[in-house]
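K.L.:
Next one to model:
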Amino acid sequence: MSTNESLNESLNAADPIFARRGEGTVSSRTSIDEESMLPATAYQIVHDETMLDGNARLNLATFVGTWMDEHAIKLYNDSFQKNMIDKDEYPQTAAIEQTCWKMLGDLWHAPDASKTIGCSTIGSSEACMLGGLALKRRWQEARRKDGKSTEHPNLVMSSAVQVCWEKFCNYWDIEPRLVPITEEHKTLDGHDLDKYVDENTIGVVSILGVTYTGMYEPVQQVAEALDRIQEKTGLDIAIHVDGASGAMVAPFLQPELAWDFKIDRVHSISTSGHKYGLVYPGLGWVVWRDKEYLPESLIFYVSYLGGDMPTFALNFSRPGAQVLLQYYLFLRLGRKGYYEVQKASQDVALFLSKGISELGPFELWNDGSDIPVFAWRIKDGYTDKWTLYNLQDRLRTRGWLVPAYPLPDDLSNVTVQRIVVRNGLSMDLAALLLNDIKTQTQYLDGLEGAVPQEAPQSAFHH
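P.N.:
Alright, predicted model coming up:
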């Protein structure tokens, strides 16, 4: 920097911040300005605009982590420039990725964690798609080997499945067969499964923590239903467990639950590192119980420490820092620490669900005893003045984002409201939230007439 440039910057820095060029004018929203501005000015503009986003800690709609400790933030700052896919340039980051998926394989009771294969992803949606691709390719290869058609593959799953599975079926030409949830069967529990599977079924998806409500689907029951189907038809159908949230909760809070590689039909499991894995956004994982369940034809090999490392991903350039953050948490927390964090979240969820159920207008759909997520609805006939969408809007005035939305398909006439309890929602904050729900409910009950109903504006994006 020249002496004149240094002098000019010093003079500009002395200007009142909100009178500087950039702050004192309105920038174009459609083109890049011709002139540059001071970094402090550009920072201030972006910082101020993002204040309109609200407080992420009060966003009880999202499953995605919004808090990490100062050591994690320091580690992130040390490593955010690393590209996960550059395994030859960052061989230790690549080795840590492999360490993490083997740790997960062990956590999920793989027969031999050293023989598992897996990878990190941008999030659990990519992880689900990779798990689905492996199911499809294995089905295709088996059909070709038997001289059978590979046309018209289908995938069986709940109507409450996360939208990424609908995308997967759309993008890879697979028929989605959605088993509707009902009041009697609130999850995919194996009921009537024989009506949906056939020789073209590439697999069944079981959700460990349904996005709509947080409930676990009983993987063991689904496997037993598939066992009965195999006895009758000879069809041997695999399960992929979409454990976006529950796969990082159940091992610690419900260790006796059979849902993972303990069940032979479970070929693969996916999860979100950035949900109850407790990492900042940008990380998912998928692990196969053994190398044989990930078809060799899907794997690419890259040079790594004088040898080859397998890689399987949809994204090429993606952050390596989140993988290091996951490893940090595995080291930092251990199983005991993960139990304590998840148990604290579950305690908050149970406190809130109990308090909401006692307010009078509401009945619980579930109580948060699976993952720390629960939903409720208004009791039939309680009021014709207001809806859960109105309560959602009233809570927004206090900064809380608590989404209301309809359940899928056969239950689309049922509107629920849901709270996701994450690490960072303390019991003290939860007590304030419960008081706000009570206060806003009393306000709505006290209205002389019905709230004018516009088109419902759900804050829910599953």
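K.L.:
drop to CA atoms for contacts and neighbour counts, all remaining ones
P.N.:
Fine.
K.L.:
Now do the strands in this structure.
P.N.:
117-121, 154-158, 175-179, 201-207, 239-242, 266-272, 284-288, 300-304, 307-311, 362-364, 373-378, 404-406, 415-420 (DSSP state E).
K.L.:
okay, the ones you listed in TSV with mean neighbour count and distance to Arg396 next?
P.N.:
Listed next are the strands of the chain as TSV, based on neighbours: other CA atoms under 10 Å; distance: least, CA to CA, whole Å:
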stretch	mean neighbour count	distance to Arg396
strand 117-121	27	33
strand 154-158	23	31
strand 175-179	19	34
strand 201-207	27	30
strand 239-242	26	31
strand 266-272	30	27
strand 284-288	28	30
strand 300-304	14	47
strand 307-311	14	44
strand 362-364	18	19
strand 373-378	24	18
strand 404-406	21	12
strand 415-420	24	13
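K.L.:
Can you add mean pLDDT and distance to Arg228 and give the ones you listed back as JSON lines?
P.N.:
Shown next, in JSON lines, are these (pLDDT from 0 to 100; distance: least, CA to CA, whole Å):
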{"stretch": "strand 117-121", "mean pLDDT": "94", "distance to Arg228": "29"}
{"stretch": "strand 154-158", "mean pLDDT": "98", "distance to Arg228": "16"}
{"stretch": "strand 175-179", "mean pLDDT": "98", "distance to Arg228": "18"}
{"stretch": "strand 201-207", "mean pLDDT": "98", "distance to Arg228": "14"}
{"stretch": "strand 239-242", "mean pLDDT": "98", "distance to Arg228": "15"}
{"stretch": "strand 266-272", "mean pLDDT": "98", "distance to Arg228": "16"}
{"stretch": "strand 284-288", "mean pLDDT": "98", "distance to Arg228": "24"}
{"stretch": "strand 300-304", "mean pLDDT": "70", "distance to Arg228": "37"}
{"stretch": "strand 307-311", "mean pLDDT": "68", "distance to Arg228": "36"}
{"stretch": "strand 362-364", "mean pLDDT": "98", "distance to Arg228": "33"}
{"stretch": "strand 373-378", "mean pLDDT": "98", "distance to Arg228": "32"}
{"stretch": "strand 404-406", "mean pLDDT": "96", "distance to Arg228": "34"}
{"stretch": "strand 415-420", "mean pLDDT": "98", "distance to Arg228": "35"}
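K.L.:
TSV for the ones you listed, including distance to Tyr339?
P.N.:
As requested, the strands of the chain are exported to TSV (distance: least, CA to CA, whole Å):
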stretch	distance to Tyr339
strand 117-121	23
strand 154-158	29
strand 175-179	33
strand 201-207	21
strand 239-242	21
strand 266-272	17
strand 284-288	20
strand 300-304	35
strand 307-311	31
strand 362-364	25
strand 373-378	16
strand 404-406	30
strand 415-420	18
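K.L.:
These: which one's closest to Ala450?
P.N.:
strand 373-378 (15.3 Å; CA to CA).
K.L.:
between that closest one and strand 415-420, how big is the angle?
P.N.:
Relative orientation of strand 373-378 versus strand 415-420 (axes from the mean of the first three to the mean of the last three CA atoms, to 10 degrees): 150 degrees.
K.L.:
Other residues contacting strand 373-378?
P.N.:
By CA atoms under 8 Å, 6 or more residues apart in numbering, the list of residues contacting strand 373-378 from outside reads 212-215, 349, 353, 361-368, 387-388, 414-421.
K.L.:
how about Tyr293, what does it touch?
P.N.:
Residues in contact with Tyr293 (CA under 8 Å, 6+ apart) are 134, 138, 267-268.
K.L.:
pLDDT weak spots in the stretch 251-400 of the chain?
P.N.:
302-310 (pLDDT under 70).
K.L.:
What ranges does it have for its helices?
P.N.:
For the stretch 251-400 of the chain, the helices defined by DSSP state H, counting those that start in this stretch occupy 321-357, 388-396.
K.L.:
Rebuild the ones you listed as TSV, extending it with mean neighbour count and distance to Asp290.
P.N.:
What follows is these, written out as TSV (neighbours: other CA under 10 Å; distance: least, CA to CA, whole Å):
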stretch	mean neighbour count	distance to Asp290
helix 321-357	19	22
helix 388-396	20	45
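K.L.:
re earlier: out of the strands of the chain, which gets nearest to Asp86?
P.N.:
Going by CA to CA, the one of the strands of the chain nearest Asp86 is strand 300-304, 9.1 Å.
K.L.:
which stretches of the stretch 101-250 of the chain form helices?
P.N.:
Using DSSP H, counting those that start in this stretch, helices in the stretch 101-250 of the chain cover 124-145, 163-171, 219-233, 250-253.
K.L.:
quick one: contacts for the residue lying closest to Asp436 once chain neighbours are set aside?
P.N.:
In space, and not counting its chain neighbours, Asp436 is closest to Leu395: 7.1 Å by CA to CA, 6 or more residues apart in numbering. Counting by CA under 8 Å, 6+ apart, Leu395 touches 401-402, 436-437, 440.
K.L.:
Dump those to a markdown table, plus distance to Gly284 and pLDDT.
P.N.:
Listed next are the contacts of Leu395 as a markdown table, based on distance: CA to CA, whole Å; pLDDT from 0 to 100:
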| residue | distance to Gly284 | pLDDT |
| --- | --- | --- |
| Leu401 | 24 | 95 |
| Val402 | 25 | 97 |
| Asp436 | 34 | 98 |
| Ile437 | 33 | 98 |
| Gln440 | 37 | 98 |
